[in-house]
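Visitor: I'll drop the sequence and a predicted model, then ask my questions.
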Protein chains: 2
Amino acid sequence: MKTFHNPEQFQREMEKRRRQKTIGFVPTMGALHEGHLSLVRRARRENQIVVVSLFVNPLQFGPREDFKKYPRTFKRDRALLAGEKVDFLFMPSAASFYPGRFQTFVEVINLSRGLCGRFRPGHFRGVATVAAKLFNLVRPHRAYFGTKDYQQAVLIKRMARDLNFNLEVKLLPTIRDQDGLALSSRNAYLTPKERARALSISRSLVWAQREIRQGRRNLRRLRRGILRELKRGLSRVDYVEFAEPETLQPVGSVRGRFVIAVAGWVGKTRLIDNAIMQRKTKSGKRKALEPLRGN
Amino acid sequence: MKTFHNPEQFQREMEKRRRQKTIGFVPTMGALHEGHLSLVRRARRENQIVVVSLFVNPLQFGPREDFKKYPRTFKRDRALLAGEKVDFLFMPSAASFYPGRFQTFVEVINLSRGLCGRFRPGHFRGVATVAAKLFNLVRPHRAYFGTKDYQQAVLIKRMARDLNFNLEVKLLPTIRDQDGLALSSRNAYLTPKERARALSISRSLVWAQREIRQGRRNLRRLRRGILRELKRGLSRVDYVEFAEPETLQPVGSVRGRFVIAVAGWVGKTRLIDNAIMQRKTKSGKRKALEPLRGN
C-alpha cells in the first residue's frame, strides 16, 4: 500500500493509473470500522485498483462540533487497509488540501436542506466540497459510500451526476453490531451505559418496520411510537422523518419505498440512523425489507 | 470537426482522447468574434486536440437579463471553428446539460462579490458551475479564457485550483477593434451611434494609462477623470474600480500591478472593459503597460 500526502503528486499517480486500470475509491475520515471495511472489500472485488482517502475534513464540522476530538487512529487504520489489500492511501494535510486563498464551495441546494441539514448548517456544503475535490484528485471509476449517512450518500450521488463527474456512486447498506447499533466512528465517544441507551435508536426502527409490515399505515402514530422508543434512551431527539428515498422530501403516507431517518443525542454524542421501508409491491406481495442488522 | 450534442457520448469520446493526446479547450457562448478565435488559435498551437463548447448558459443570466436575445449565430460559428481546424465542437441542449432535478452549484465566495458581482447576483455562480461541469466533461489539459471578462477569468482560475481540476487555466489578452472597442458578442446589440458612444470606455482606460505613465498617482483624481470620459458616452456607469489583479480587492494607491475595471450601459447594452496597470518596476524603469489595443 503506497501512501501519498501531497495532492499534486497523488493526482499525477492517479492520472497515470486510470489510463490502464479501473479505480475504486473509498473516502473516509479514518477511525475505521467494519462499515468502512465493507466498502473497501466491495471496491476490491469490483476494481483493479483500490484507493482510500483518510482526511478529517474540517469543512464539514460546525464551530461547536467535534472536529478536535474526532477519533484519530491512523496507525490502526493503515494496518486495517493494508490487510484489505488497498493499493493507495491518500492522507493530505488540511493546509495542502485547503491552501491559502481557498474559497470555492459546492452546494447541493435541495438535498442539503432537510434532516441533518437543519441541525448542522454548512455541514453538507463541506461534504459536497470535499467529495468534489477528492473525485478530481482520484478520478475513480466507482466511489463507495455507506448509507448509515443516508442524506450524505444521496447528496453526493446527486452532486456527482449534476457536475458530470465521470464515475459511479455506489451506496452500500449500514453495518451493525450484533445488538443492532449502527456502526459509526462516533460510537467511540459512548460510555458503556450510553452505548446501551443508544440501542433505542435501532430498536425504534425495528419497531416501526414491524408495525409497517403488519399493515399499520398511520404516519402520526408511527412517528409517536418511534419517538416513544427513542426517548427511552436518548437525551434529545433532533428529528424523526419519513422521506422519499431519492429527493428526501417528506412523504405524506405509508406507500411505496420511503426512508425513516432519525437523529438524536446520547449525552454529548450525536447519532443518526435510518431504515428503508417498503410496504408492499404492487403485486401485493410483501417484499423483503432492507436488512436492519449486519449484512 | 466532429460535433457532439449528448453530454455522456461527448464525455466518453474525451476520456478516450485524453489517454493519448493533450486537449486544449475553449468554452464559449457562441456569437464568435476575433477574441474567441485568438483563444482557439492559441489552443491549436499548444495542444494536439482542440475542443470548443458552444452553449448559451441560462444559469449565468439574471431573470431580467438578455438570455433570450443573446446573439445566436451557430451556423457562422461552426464555419469559423472548422476554419480554425477545431477537432471537436460540443453543443448541448439546456435540457441535457441541466436535467430534471439539477441542484448543484459552485460558488467562488470572495471573487464573486465585488465588481460585476454586485450588479449581477447569481451570475458568477452560474459561470463557476458551468465551467466545473464543462471541465468534467472535457477533462482538458489546458482551458483558455479572454481577460475582457477579467473577473470571470480569475474566478475560474481560482475555482479550478480550489477544486483540484487537473488542468491549466490560461488567460489571454483582450482583442480590440482598430478604434479601441473591446470585442464582445454584445457589441452586436449596438446601433452605429451607440457604438461610437461606447468608445468612451476604452478612451477612459487609455487616458488613465497615460496619466499613470506620467506619474499621476492620486486615485480619486484618476477615478474622476475616468468617470468624466465614461459619462461622455455611457447612459449609466455601474462601476469604476481599482483592484488587485488576483484577489480583486480594491487597492488604496497607485503602486505595483493593479487592474482598472469599468462597467456601464450604452442604451440597453451593458459593456465591461479593463486594463492592467503597472506604474514602475522596482528598478525604477518603466515597464510596458499591458497593450490596450489588439494583441
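Guide: Thanks, I have it. Values in this document were obtained by computation on a predicted structure and should not be read as measured data.
Visitor: got the residues of chain A near chain B?
Guide: Residues of chain A found near chain B (C-beta under 8 Å from any C-beta of the partner chain) are A:7, A:11, A:15, A:19, A:101-111, A:128-129, A:132-133, A:136-137, A:139, A:158-159, A:162-166, A:247. C-beta coordinates here come from the backbone N, C-alpha and C atoms, glycine included.
Visitor: Can you name the element that comes right after the lengthiest helix in chain A?
Guide: Taking DSSP state H as the criterion, chain A has its longest helix at helix A:192-213. With elements assigned by DSSP states H and E, the helix or strand that comes after helix A:192-213 is helix A:219-233.
Visitor: Tell me which of the residues of chain A next to chain B fall in helices.
Guide: Among these, the ones falling in helices (DSSP H) are A:7, A:11, A:15, A:128-129, A:132-133, A:136-137, A:158-159, A:162.
Visitor: Buried members of the residues you listed into ChimeraX, please.
Guide: Selection of buried members from these for ChimeraX, criterion 16 or more other C-beta atoms under 10 Å in any protein chain shown:
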select /A:7,11,15,128,129,132,133,136,137,158,159,162
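Visitor: Which members of the ones in helices among the residues of chain A next to chain B are the farthest-apart pair?
Guide: Spatially, the most separated pair among those is A:15 and A:158, at 25.8 Å (C-beta to C-beta).
Visitor: how about low-confidence regions in chain A?
Guide: A:279-295 (pLDDT under 70).
Visitor: quick one, the longest helix of chain A and helix A:219-233 angle?
Guide: Taking axes from the mean of the first three to the mean of the last three C-alpha atoms, to 10 degrees, one finds helix A:192-213 and helix A:219-233 inclined to each other by 160 degrees.
Visitor: Report all helices and strands that helix A:192-213 contacts.
Guide: On a contact count with 3 or more C-beta pairs under 8 Å, 6 or more residues apart in numbering or on different chains; DSSP states H and E, helix A:192-213 meets helix A:219-233, strand A:257-266, strand A:269-278.
Visitor: Can you check which of these gets nearest to residue A:66?
Guide: Closest to residue A:66 of the helices and strands packed on helix A:192-213, according to C-beta to C-beta: strand A:269-278, at 8.3 Å.
Visitor: in its sheet, what does that closest one sit against?
Guide: Take DSSP bridges as the rule and strand A:269-278 pairs in its sheet with strand A:257-266 (antiparallel).
Visitor: Give me the residues contacting the strand it pairs with.
Guide: Applying C-beta atoms under 8 Å, 6 or more residues apart in numbering or on different chains, the external contacts of strand A:257-266 come out as A:115-116, A:119, A:150-151, A:190, A:194, A:197-198, A:201, A:204-205, A:208, A:226, A:230, A:233-245, A:248, A:251, A:270-278.
Visitor: Quick one, which of those residues are buried?
Guide: Taking 16+ other C-beta under 10 Å as the criterion, what is buried in those is A:115-116, A:150-151, A:190, A:194, A:197-198, A:201, A:204-205, A:208, A:226, A:230, A:233-234, A:237-238, A:240-243, A:245, A:248, A:251, A:270-278.
Visitor: OK, contacts around the residue of the stretch 151-295 of chain A found nearest chain B?
Guide: Across the stretch 151-295 of chain A, no residue is closer to chain B than residue A:162, which sits at 3.5 Å (C-beta to the nearest C-beta). Going by C-beta under 8 Å, 6+ apart, residue A:162 touches A:108, B:102-104, B:133.
Visitor: can you redo those residues as JSON lines with distance to residue B:55?
Guide: Output for the contacts of residue A:162, formatted as JSON lines (distance: C-beta to C-beta, whole Å):
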{"residue": "A:108", "distance to residue B:55": "22"}
{"residue": "B:102", "distance to residue B:55": "14"}
{"residue": "B:103", "distance to residue B:55": "19"}
{"residue": "B:104", "distance to residue B:55": "17"}
{"residue": "B:133", "distance to residue B:55": "10"}
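Visitor: Would you mind listing which of the residues you listed are buried?
Guide: Among these, the ones that count as buried by 16+ other C-beta under 10 Å are A:108, B:102-104, B:133.
Visitor: Between the residues you listed, which sits nearest residue B:71?
Guide: Of those, the one sitting nearest to residue B:71 (C-beta to C-beta) turns out to be residue B:133, at 22.8 Å.
Visitor: The closest one contacts residue B:97, correct?
Guide: Yes. Counting by C-beta atoms under 8 Å, residue B:97 is a contact partner of residue B:133 at 7.1 Å.
Visitor: on that earlier part again, now for the buried ones among the contacts of residue A:162, which pair is the farthest apart?
Guide: The largest distance within these, taken as C-beta to C-beta, falls between A:108 and B:133 and amounts to 13.9 Å.
Visitor: residues touching the closest residue in space to residue A:258 that isn't next to it in sequence, list them.
Guide: Nearest residue to residue A:258, sequence neighbours excluded (C-beta to C-beta, 6 or more residues apart in numbering or on different chains): residue A:251, at 4.7 Å. Applying C-beta under 8 Å, 6+ apart, we find residue A:251 in contact with A:219, A:242-244, A:258.
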